[in-house]
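>>> quick one: sequence plus predicted model below, questions after.
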Number of protein chains: 2
Amino acid sequence: MNASPDSHRRQQPPQPSQSANASKSPRRRGAERTRELLEVTLAMADEVGYGGLSIEAIAWRAGVGKHTIYRRWSSLPELLLDTLEHVWVSDFDYRTTGSIRDDLREQFIRSSQGLKSPPLGPIYRAVIAAAQSDEQLRETIHARFLATVESRTLARVRLAQDRGELRSDVDLEPTIDVLAGSLYYRWVLTTRPVDEGVIDALIDMFMDAYGRSDHSAGG
Amino acid sequence: MNASPDSHRRQQPPQPSQSANASKSPRRRGAERTRELLEVTLAMADEVGYGGLSIEAIAWRAGVGKHTIYRRWSSLPELLLDTLEHVWVSDFDYRTTGSIRDDLREQFIRSSQGLKSPPLGPIYRAVIAAAQSDEQLRETIHARFLATVESRTLARVRLAQDRGELRSDVDLEPTIDVLAGSLYYRWVLTTRPVDEGVIDALIDMFMDAYGRSDHSAGG
DNA sequence: CAGAATGCGACACGGACCGTGCCGATAGAT
DNA sequence: ATCTATCGGCACGGTCCGTGTCGCATTCTG
């Protein structure tokens, strides 16, 4: 589907030649070009949002033939996945220095802020959109990005169990989907912000359920 | 974005004239046509999935000019929203006859089964995909469908509070997003099924947090 | 340093859909 | 019987896809 109502009339003045940032130095090749294409994709996602992302537009913007892109990626979502990896920042990991409550909270807030702002937001949305009609892509998203988040979350809450902050009589693994996924609801399906209200509601529920009152907890 | 790798080569043999189910009786008009178009959309979503849904394909399948569709809906997502209403079945409401635990569980299972299968699944996915590049559409989805789910969920858990099944010292409103949204994570972002495992994990967490052990609850 | 191999930009296709405009036919309302 | 809105059919220009071809530039190999 071509979603946006104005998905025509895009970016692309039918100018005969390349854009500004190309053709300065000698023709780039190989890995150098690959890196440049990822950067251009990033910049475009930032400037024009997901609606303006197409292989033709990216190629034109980079001053490049479409083949140069297709030689590297088989489709736009493939390119976007690699681009996503550039912004799926390493600091998406949990601190282990505070209470489990504080560390979860900080991490969730950090994640929600990442989603909120370009360029991660638009690119992630584009991939999610494409994945709705492509089960394979959904699998890839989970394997390349979300599985890591889930296992880090599990590791963090298990550490809290070991430290006696959480009840030790429950297996927390099944709850990981709830912890990792709850915040997506607002982001993907509504226009309400993923704010501290939802985050606190989630953490409160989690702590009320599995916290040990003799340690931290609250409610 | 045009996601699926094979999003070309579609449905549409360039046959000169209409398909089977048209042209039997005299030309239909007005509301009658509208209903028929919704049904055709439904049937196509069922048969060819979301990848095969386009205004041209629907028009051809219904033996109709594109104008007849554009006269009624401004875009494919608009048509899909109305189609969704046809399958967003009324039984997506909570029973109030069992324990809160059982009623939540039954409702969640019912919802997940609806998502799993055509025609609701494909159409909903198509709308969600389109909504990623269209904030207005996201707002519409929430207003037309999800807000109802949320308020029904809130009503059901508040009833449980009144009945003494849940702690009365907490405002459950903030938790509604978690209850209503958790299950979407798997469905939208992974290929793992929304099975009873996740559902039970969610409900367990909820009941552990807000249930009253003197009533039902469990660990 | 010369020649081969390969990456590259430019351009051109055919195809799917989009959204619109125009036509003559047809159906319901007057 | 006439009038008018709706209809189906057709064609258009436009965007983007994915592929193919060509001649040049760069880099590798000998």
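In hand now; what should we look at?
>>> C-alpha only now, for contacts and for neighbours.
Fine.
>>> figure out the length between the terminal residues of stretch A:189-204.
Its start and end residues considered, stretch A:189-204 measures 23 Å (CA to CA, to the nearest Å).
>>> for it, buried residues please.
A:Leu189, A:Thr190, A:Thr191, A:Val194, A:Val198, A:Ile199, A:Asp200, A:Ala201, A:Leu202, A:Ile203, A:Asp204 (16 or more other CA atoms under 10 Å in any protein chain shown).
>>> same question for stretch A:201-215.
Within stretch A:201-215, the residues that count as buried by 16+ other CA under 10 Å are A:Ala201, A:Leu202, A:Ile203, A:Asp204, A:Met205, A:Phe206, A:Met207, A:Asp208, A:Ala209, A:Tyr210, A:Gly211, A:Arg212.
>>> so how far is that stretch from its chain's centroid?
Counting by CA atoms, centre = their mean, to the nearest Å, stretch A:201-215 is centred 27 Å from the centre of its parent chain.
>>> go on, stretch A:157-176?
Here stretch A:157-176 is found 26 Å from its chain centre; the criterion is CA atoms, centre = their mean.
>>> hmm, back to that, in helices only, show me the buried residues of stretch A:201-215.
Among these, the members found in helices (DSSP state H) are A:Ala201, A:Leu202, A:Ile203, A:Asp204, A:Met205, A:Phe206, A:Met207, A:Asp208, A:Ala209, A:Tyr210.
>>> also near DNA strand D: which of the buried residues of stretch A:189-204, exactly?
Of the residues in those, proximity to DNA strand D by CA under 7 Å from any atom of the strand holds for none.
>>> contacting residues around the closest residue to DNA strand C within chain A?
Of all residues in chain A, A:Arg29 sits closest to DNA strand C, at 2.9 Å by CA to the nearest atom of the strand. Contacts for A:Arg29 were tallied using CA atoms under 8 Å, 6 or more residues apart in numbering or on different chains; there are none.
>>> elements contacting the helix ranked longest in chain A?
In chain A, with assignment by DSSP H, the single longest helix is helix A:30-48. Using 3 or more CA pairs under 8 Å, 6 or more residues apart in numbering or on different chains; DSSP states H and E, the elements in contact with helix A:30-48 are helix A:55-62, helix A:76-87, helix A:120-131.
>>> tell me the spacing between the residue lying closest to A:Gly181 once chain neighbours are set aside and A:Glu165.
Nearest non-adjacent residue to A:Gly181, counting by CA to CA, 6 or more residues apart in numbering or on different chains: B:Tyr185, 4.8 Å away. According to CA to CA, B:Tyr185 and A:Glu165 sit 27 Å apart.
>>> residue contacts, the spatially most central residue of chain A?
By CA atoms, centre = their mean, the mean C-alpha position of chain A lies nearest to A:Tyr124, the distance being 4.8 Å. A:Tyr124 is in contact with A:Leu84, A:Leu115, counting by CA under 8 Å, 6+ apart.
>>> cool, and A:Ile176?
Taking CA under 8 Å, 6+ apart as the contact definition, A:Ile176 lies against A:Glu150, A:Thr153, A:Leu154.
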